[in-house]
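A.B. asks: Prediction below, plus the sequence it came from.
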There are 2 protein chains.
Amino acid sequence: MITHAILKELEGVVGIDNLLTSRANLVCYSYDAAGQSFMPDAVVLPANTGEVSEIVRLANKYRLPLIPRGAGSGFAGGSVPVKSGIVIHLSRLNKILEIDNENLIAVVEPCVVTGVFQDEVEKLGLFYPPDPASLKFSTMGGNASTGAGGPRAVKYGVTRDYILGLEVVTPTGEIINTGGKTVKRATGYDMTRLMVGSEGTLGIITKLIIRLIPLPEGKKTMTAFFRSAEDAARTVSDIIKSRIVPTTLELLDKNTLACVKENLGMDLPEETSAMLLIEIDGDPLILDRQAGKIRDACRKNGSIEFNVAGNKEEADTLWKARRGASPSMLKFWPGKISEDIVVPRNKIPGMIRRLDTISDKHNLTIASFGHAGDGNLHVNIRVDKKNAQEMKRAEEAIKDIFRATVELEGAISGEHGIGMSKAPYLKMQLSETEIGMMKAIKKALDPNNIMNPGKIFD
Amino acid sequence: MITHAILKELEGVVGIDNLLTSRANLVCYSYDAAGQSFMPDAVVLPANTGEVSEIVRLANKYRLPLIPRGAGSGFAGGSVPVKSGIVIHLSRLNKILEIDNENLIAVVEPCVVTGVFQDEVEKLGLFYPPDPASLKFSTMGGNASTGAGGPRAVKYGVTRDYILGLEVVTPTGEIINTGGKTVKRATGYDMTRLMVGSEGTLGIITKLIIRLIPLPEGKKTMTAFFRSAEDAARTVSDIIKSRIVPTTLELLDKNTLACVKENLGMDLPEETSAMLLIEIDGDPLILDRQAGKIRDACRKNGSIEFNVAGNKEEADTLWKARRGASPSMLKFWPGKISEDIVVPRNKIPGMIRRLDTISDKHNLTIASFGHAGDGNLHVNIRVDKKNAQEMKRAEEAIKDIFRATVELEGAISGEHGIGMSKAPYLKMQLSETEIGMMKAIKKALDPNNIMNPGKIFD
């Protein structure tokens, strides 16, 4: 438990204005987008890497849990102080330090908002592809820590693929620089990639070196409506087989579309049970030809309707249903449980069949939407959290969903991480040996287990 | 030291035909492309992952060094048995197990030759970009272990960027599967990326899951000649600034060209002091326009001559000088010392100036060529290995080169790894803290330090 003396020491590091201890303040840092709440003992807002390092040393000295936090937009509870302790909010490390258009790299502090960073580099004709749905408020450091993805991953990969180097405060308070400003680098173990996705359990990211690419000159947005999710999923495979890798290949299933329709009053074609949102980018010269091939793939698989946006406004209209999916569902299913699974792209039809069976078996309504192009589905279970008996069935359904995911060579988290909420299920994904190796690394680097304890490992 | 009894146990695992102990055989496994030689106690050629696992358990039981080996084409001595022990040659694990054109992935065993694998996937219209110069004989497992790169890295990245998952026999003989058949996956620490580039010190790769992309439809090859390496280097920056990322952007300096000219009897334009080889790929519709922009960048920087290949044969002619660089130099500089440094792309002019100074200071001839597009230069020092005094000067020059590289935010190994030959210099690159963390990971995963001891860390 934290003492007055320790608080005084923390105050000595960050100053009285950057140490929060009032109950009102602590509540604000007790939860994240996962919705579970645990009270921290204190919250500190360091001004720079040096202060972060001092805070880590104090946490070590007094064996206090330290929980790094960005925007708190994670869906797995990665930034929640499950074992209380000190929340270290990096909000003041929020500067874009460098955008270098000769080397196509940028250097940013962890609490630069992802969307803001994207706008800045695009002004220079550069492109940072990763686009988690939370990009308007989530941070570069948070995206790196959770291994965030997004719709564009099918063509461009995820956050992990754009991080060349890091400045990290280690669990013992040292400051290290991993990787660097070059794509090539073969100098020992890949500490950068080890830190990325480690959800704050191996250190605190205080700086990121980001790889950029030239901004594609053109973009084309399409939608197609199908009588079944399987028709849509087969279309996804056919598009890839035609050697086109779209920027975005999103699927909305029947129950998702029902919510969207009701909430946004959209009229969809008769008999629609699934929708694909497809976006391609690149040189305008080739987009039309690719759009033609995509239209053919949709028709071949019995699309009811196919639309191509002629301009930005029409594109926004086509995006309306996809953007409205999550909010619409939240409106009608306030207590929904969301999972984030990923399977090999061509296993999506199989996964959809499994989800139907699971929904029947447990007498639950399940709606799925997400990134069909990379096999990443967001599976939503409609529940009334006050109905204990229904919650019990949902729990069983989640286990079945994860079991099916692993059987289909997928993963129980595609882009949200394990955090707190999925830790109990990690054993379904990884062997005891692999979990043991991860724990051994954790112990080797964080001997006092102060860095975000209670996450990833149950 | 290995005993007759231990040899008998090894024979029990792999069979008498796959255990090599004769001096003649051992000599063949005592060196790699780095040219230094240390005799192993025995060589085993396992047939499958199960046998690999049994061998690792034996090595643990008797505390014997175990040195995984692919084609032995590494330039850093990564596969040399510096502390003797058992060389585990994976040559029998050489099958392409799966090429999946719906998920754009492949599964291969470690001793599939990289070039063979590329040919196979290209037959299906797919593309595996990493292209180390050794690809005709080096292996997928070796490329992964060293973090190999190649000329195409400027556009497509390195081996690391194409490995989605691994089957690994851990240092204690367990078999684990890291990652998987999806690009997205956020389930704990990135063990795949930790293994990649670890040079056989953290386990033995027995299977690789590879990410593929569609094969680009067209390609265009160009060369440009310049009066100075700096003109060429400035051209590189201008091409990137014009938002074109070529597949390949290779630089040959004056001394390299002299060797090539003499060896291949090529005639180069008057006053040539540097050459760029530039290749772009993609949709044929856009290649001409890009080639035009590249020509403009070359002219702007005072190119003496600019050539575009009209067909495959002409392209091969343009590649002649680049392909001939290393062999030509070896012919005239048999005792040359080669280094593999990388700096941020726009620091190449600065690095070239530093190399000139270093060559004057130590009275040595230095020739550089390589991947200007990603800042990766192969620096060759002409030495007579019998001339002890010259070798001493070369040693000092190497230290100066590495010092300059680090000052310019580069790395002392771009794509060859640290292995044995660069271990003494790792301290120039990484802080004691970072090296300490790497050693802690090594100790946590390989408590008996049997996996490729004496590599990476001095």
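C.D. replies: Looks like it came in fine.

A.B. asks: mind checking how far the closest residue to A:Pro424 other than its chain neighbours is from A:Met428?
C.D. replies: Closest residue in space to A:Pro424, ignoring its immediate chain neighbours: A:Asp458 at 5.1 Å, by CB to CB, 6 or more residues apart in numbering or on different chains. For glycine as for every other residue, the C-beta is placed from the backbone atoms N, C-alpha and C. A:Asp458 is 11 Å from A:Met428, where distance means CB to CB, to the nearest Å.

A.B. asks: Next, find the distance separating the residue nearest to A:Pro424 from A:Lys254.
C.D. replies: A:Asp458 is 35 Å from A:Lys254, by CB to CB.

A.B. asks: What count of nearby residues applies to A:Met438?
C.D. replies: 23 (other CB atoms under 10 Å in any protein chain shown).

A.B. asks: What strand or helix carries it?
C.D. replies: helix A:432-445 (DSSP states H and E).

A.B. asks: count of neighbours near A:Asp238?
C.D. replies: A:Asp238: 18 neighbours (other CB under 10 Å).

A.B. asks: burial measure for the residue nearest to A:Ile456 when sequence neighbours are not counted, as a count.
C.D. replies: With sequence-adjacent residues excluded and distances taken as CB to CB, 6+ apart, A:Ile456 is closest to A:Ile418, at 4.7 Å. Neighbour count of A:Ile418, defined by other CB under 10 Å: 29.

A.B. asks: which ones are touching A:Ile418?
C.D. replies: Taking CB atoms under 8 Å, 6 or more residues apart in numbering or on different chains, we find A:Ile418 in contact with A:76, A:78, A:199, A:426, A:455-456, B:186-188.

A.B. asks: Can you give me the domain assignment for chain A?
C.D. replies: A:4-89, A:96-214, A:217-418 (automatic domain parsing).

A.B. asks: Straight-line length of the first one, end to end?
C.D. replies: One end of domain A:4-89 sits 20 Å from the other (CA to CA, to the nearest Å).

A.B. asks: can you check stretch A:412-427 too?
C.D. replies: 10 Å.

A.B. asks: Looking at it now, give me its mean pLDDT.
C.D. replies: Mean pLDDT, stretch A:412-427: 95.

A.B. asks: Give me the neighbour count for the nearest residue to A:Ile176 once chain neighbours are set aside.
C.D. replies: Once flanking residues are discounted, A:Ile176 sits nearest to B:Glu434: 4.8 Å by CB to CB, 6+ apart. Neighbourhood size, B:Glu434 [other CB under 10 Å]: 21.

A.B. asks: out of everything not next to it in sequence, what's closest to the most centrally placed residue in chain A?
C.D. replies: Nearest to the mean C-alpha position of chain A, by CA atoms, centre = their mean, lies A:Ala148 at 3.4 Å. Leaving out its chain neighbours, the residue that sits closest to A:Ala148 by CB to CB, 6+ apart is A:Pro132, at 4.3 Å.

A.B. asks: What values do phi and psi take at A:Lys220?
C.D. replies: When read as degrees, to the nearest 10, the backbone of A:Lys220 gives phi -140, psi 130.

A.B. asks: thought it was touching A:Ala309?
C.D. replies: Yes: taking contacts as CB atoms under 8 Å, A:Lys220 lies within contact range of A:Ala309: 7.1 Å.

A.B. asks: When the two are compared, which one has more neighbours?
C.D. replies: Between A:Lys220 and A:Ala309, A:Lys220 has the larger neighbour count (other CB under 10 Å), namely 21 against 18.

A.B. asks: How about A:Leu264: what's its closest non-neighbour residue?
C.D. replies: Counting by CB to CB, 6+ apart, the residue nearest A:Leu264 is A:Gly324, at 5.0 Å.

A.B. asks: I'd guessed the one you found sits against A:Val260; true?
C.D. replies: Yes: the criterion here is CB under 8 Å, and A:Gly324 meets it with A:Val260 at 5.0 Å.

A.B. asks: Can you pull the residues that touch both of those two?
C.D. replies: A:Met266.

A.B. asks: Settle it for me: which of those two has more neighbours?
C.D. replies: It is A:Val260, of A:Gly324 and A:Val260, that has more neighbours when counted by other CB under 10 Å, with 27 against 19.

A.B. asks: Kindly export the helix or strand harbouring that one (C-alpha atoms) in PDB.
C.D. replies: Per DSSP H and E, A:Val260 falls inside helix A:254-264. In PDB, the C-alpha atoms belonging to helix A:254-264 read as follows (Å, rounded to 0.1, in the frame of the first residue of the first chain):
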ATOM      1  CA  LYS A 254     -27.000 -10.000 -41.000                       C
ATOM      2  CA  ASN A 255     -27.400  -9.000 -37.300                       C
ATOM      3  CA  THR A 256     -24.900  -6.200 -37.600                       C
ATOM      4  CA  LEU A 257     -26.800  -4.800 -40.700                       C
ATOM      5  CA  ALA A 258     -30.100  -5.100 -38.800                       C
ATOM      6  CA  CYS A 259     -28.700  -2.800 -36.000                       C
ATOM      7  CA  VAL A 260     -27.300  -0.400 -38.500                       C
ATOM      8  CA  LYS A 261     -30.500  -0.300 -40.600                       C
ATOM      9  CA  GLU A 262     -32.600   0.400 -37.500                       C
ATOM     10  CA  ASN A 263     -30.200   3.000 -36.000                       C
ATOM     11  CA  LEU A 264     -29.300   4.900 -39.200                       C
END
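
A.B. asks: Restricting to C-alpha, output the helix or strand harbouring A:Leu164 in PDB.
C.D. replies: In this assignment (DSSP H and E), A:Leu164 forms part of strand A:163-169. Provided in PDB are the C-alpha atoms of strand A:163-169 (Å, rounded to 0.1, in the frame of the first residue of the first chain):
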ATOM      1  CA  ILE A 163       8.000   0.600 -35.700                       C
ATOM      2  CA  LEU A 164      11.800   0.800 -36.400                       C
ATOM      3  CA  GLY A 165      12.900   1.700 -33.000                       C
ATOM      4  CA  LEU A 166      11.900   2.800 -29.500                       C
ATOM      5  CA  GLU A 167      13.200   4.600 -26.500                       C
ATOM      6  CA  VAL A 168      12.100   2.500 -23.500                       C
ATOM      7  CA  VAL A 169      12.400   3.000 -19.700                       C
END
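
A.B. asks: Check what pLDDT A:Ser326 gets.
C.D. replies: So, for A:Ser326, pLDDT stands at 88.

A.B. asks: which residues does it contact?
C.D. replies: A:133, A:378.

A.B. asks: A:Gly375 too?
C.D. replies: If a contact means CB under 8 Å, 6+ apart, then A:Gly375 has A:342-345, A:347-348, A:410, A:414, B:103, B:182, B:184 as its contacts.

A.B. asks: In those residues, which residue is surrounded by the most others?
C.D. replies: A:Val342 leads the contacts of A:Gly375 on contacts (other CB under 10 Å) with 33 neighbours.

A.B. asks: And that residue, how far from chain B?
C.D. replies: Distance from A:Val342 to chain B, counting by CB to the nearest CB, to the nearest Å: 5 Å.

A.B. asks: I'd assumed A:His378 was in contact with that residue.
C.D. replies: No: judged on CB under 8 Å, A:Val342 makes no contact with A:His378 at a distance of 10.1 Å.

A.B. asks: what number of residues lie near whichever residue of chain A sits closest to chain B?
C.D. replies: Nearest to chain B in chain A, going by CB to the nearest CB, is A:Arg193, at a distance of 3.4 Å. Close neighbours of A:Arg193, defined as other CB under 10 Å, add up to 25.

A.B. asks: now A:Met266
C.D. replies: When neighbours are counted by other CB under 10 Å, A:Met266 comes out with 14.

A.B. asks: about what we covered before: mind checking which of the contacts of A:Gly375 land in helices?
C.D. replies: Using DSSP state H, the subset of those located in helices is A:Ile348.

A.B. asks: Next, give me the two most distant ones among the contacts of A:Gly375.
C.D. replies: Comparing all pairs in those by CB to CB, the longest separation belongs to A:Gly414 and B:Asn103, at 14.4 Å.

A.B. asks: re earlier: tell me which other helices or strands the strand holding A:Leu164 touches.
C.D. replies: The contact analysis (3 or more CB pairs under 8 Å, 6 or more residues apart in numbering or on different chains; DSSP states H and E) places strand A:163-169 against helix A:49-61, strand A:175-179, helix A:191-195, strand A:204-211.
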